[in-house]
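Chemist: here is my input; please provide its structure:
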Amino acid sequence: MTQKINHKNILGFKIDVDTYLGMKRGVPRLLSILSCFGIQATFYLSMGPDASGRAIFQLIKNPRFFKKMFRTNAGRLYGLKTALYGTLLPSPLIAISFPELVGKMIAAGHEVEFHAWDHRRWQDELDKHTYGWIEEWFEKGITAYRKLVKKDPSSFGAPSWVIDDRVLEISQKYHFDYLSCTRAKEPFVHEISRRIEIPSNLPCFEEIGVHQGVSKIMQILKNGGINVLPIHAEVEGGVWSKYFIELCEEVRRTDFEILPLSKIRALLETETLPVRKYHLELLPGRASPCAV
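Modeler: I've put the predicted structure just below:
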């Protein structure tokens, strides 16, 4: 059964903060843009080390990753320092290095949820790590989140939409109200954890290209219903911010109501949602499979 919500068109902005630069520069820029449009978003924060430089191993092993980096001009998006963190440069801590900025996000009415402890190692190596490593990863990240935000997180959004059965089992320990860990067309209930999933159904700018990105996203929105746009602080809060502003202007001309994800969750009834089992799939424009 497809969920119906008061005949309204709903849009959520899911903003992932994956790097130190994204937190330091991208988040303030996004806060300014969102304030101008009166939009409240849901930020998923990486708490711990920025080990982005370890992506060099993906450049060697994964030709698709090299093509993506070249196509998106990653050097301009992320900067030289980010490309060296965790290899030639020590890994700075991401969200927990900016308590005042997190306070500003919350004071502005935005939601702050849990995204990661070590984003890069999860993204690249989850399948190689043990059950215990995943448990420790969650414990480090949630402990840092509690220290920073002074409460338990209501949601978890997996790095790069990468999960497995162990992740869903361990996530139950933290009693998340909902998850946002997959790419799918509509909300559903996870078969394993029985948690509601609010997936990202719209493509990222990096996947479709900024020059055509706004028009492609607006074309999908014509279908109406519940939509979630994945945003990256390093990208839409960086050199591609003008395209994000253009998208906000286009959305403002529609009848879409932009809500943070917790308010979308409040509109959903578990018993009316389909129960589904995720699988991993390589989506267009991505370098590695994600949960769909």
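
Chemist: what helix or strand is Tyr44 on?
Modeler: Of the helices and strands defined by DSSP states H and E, Tyr44 is found in strand 42-46.

Chemist: got the CA coordinates for that strand in CSV?
Modeler: Extracted in CSV, the C-alpha atoms of strand 42-46 (Å, rounded to 0.1, in the frame of the first residue of the first chain):
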residue,chain,number,x,y,z
THR,A,42,17.7,17.7,8.9
PHE,A,43,21.5,17.6,9.2
TYR,A,44,23.2,14.2,9.6
LEU,A,45,26.6,14.8,11.3
SER,A,46,29.8,12.8,11.2
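
Chemist: what mean pLDDT does that strand have?
Modeler: Throughout strand 42-46, pLDDT has a mean value of 98.

Chemist: how about stretch 205-216, which residues are buried there?
Modeler: When neighbours are counted by 16 or more other Cβ atoms under 10 Å, the buried residues of stretch 205-216 are found to be 205-208, 210, 213-214. Every C-beta, even on glycine, is put in place using the N, C-alpha and C of the backbone.

Chemist: other residues contacting that stretch?
Modeler: 68, 71-72, 203, 217, 232, 235-236, 240, 243-244, 246-247, 250, 283-286 (Cβ atoms under 8 Å, 6 or more residues apart in numbering).

Chemist: which of these count as buried?
Modeler: Neighbour counting with 16+ other Cβ under 10 Å marks 68, 72, 203, 217, 232, 235-236, 240, 243-244, 247, 285-286 as buried within these.

Chemist: what's near enough to touch Glu111?
Modeler: If you count contacts by Cβ under 8 Å, 6+ apart, then Glu111 has 40-43, 154, 260-262 around it.

Chemist: now it, which residues is it bridged with?
Modeler: Going by DSSP bridges, Glu111 is paired in beta bridges with Thr42.

Chemist: same check, this time on Arg183
Modeler: The partner list for Arg183 in beta bridges (DSSP bridges) reads Ser200.

Chemist: contact partners for it?
Modeler: For Arg183, the contacting residues are 161, 199-201, 283, 290-292, taking Cβ under 8 Å, 6+ apart as the criterion.

Chemist: do Val275 as well
Modeler: Contact criterion Cβ under 8 Å, 6+ apart gives 188-191, 194 as the residues in contact with Val275.

Chemist: and which of those is nearest Lys104?
Modeler: Each of the contacts of Val275 was scored against Lys104 by Cβ to Cβ, and His190 proved nearest at 32.9 Å.

Chemist: show the pLDDT at that closest one.
Modeler: Per-residue pLDDT puts His190 at 98.

Chemist: that one: neighbour count?
Modeler: The local packing count at His190 equals 22, with neighbours defined by other Cβ atoms under 10 Å.

Chemist: got phi/psi on it?
Modeler: Dihedral pair for His190: phi -70, psi 130, per degrees, to the nearest 10.

Chemist: for it, give its distance to Val167.
Modeler: Distance of His190 to Val167, computed by Cβ to Cβ, to the nearest Å: 10 Å.

Chemist: any idea how far Arg146 is from the residue nearest to Trp161 when sequence neighbours are not counted?
Modeler: Here the nearest residue to Trp161 in space, its sequence neighbours aside, is Cys290; by Cβ to Cβ, 6 or more residues apart in numbering that works out to 3.6 Å. Cys290 sits 28 Å away from Arg146 when distances are taken as Cβ to Cβ.

Chemist: neighbour count winner among these two?
Modeler: In this view Cys290 and Arg146 are compared by other Cβ under 10 Å, and Cys290 has more residues nearby, 22 against 13.
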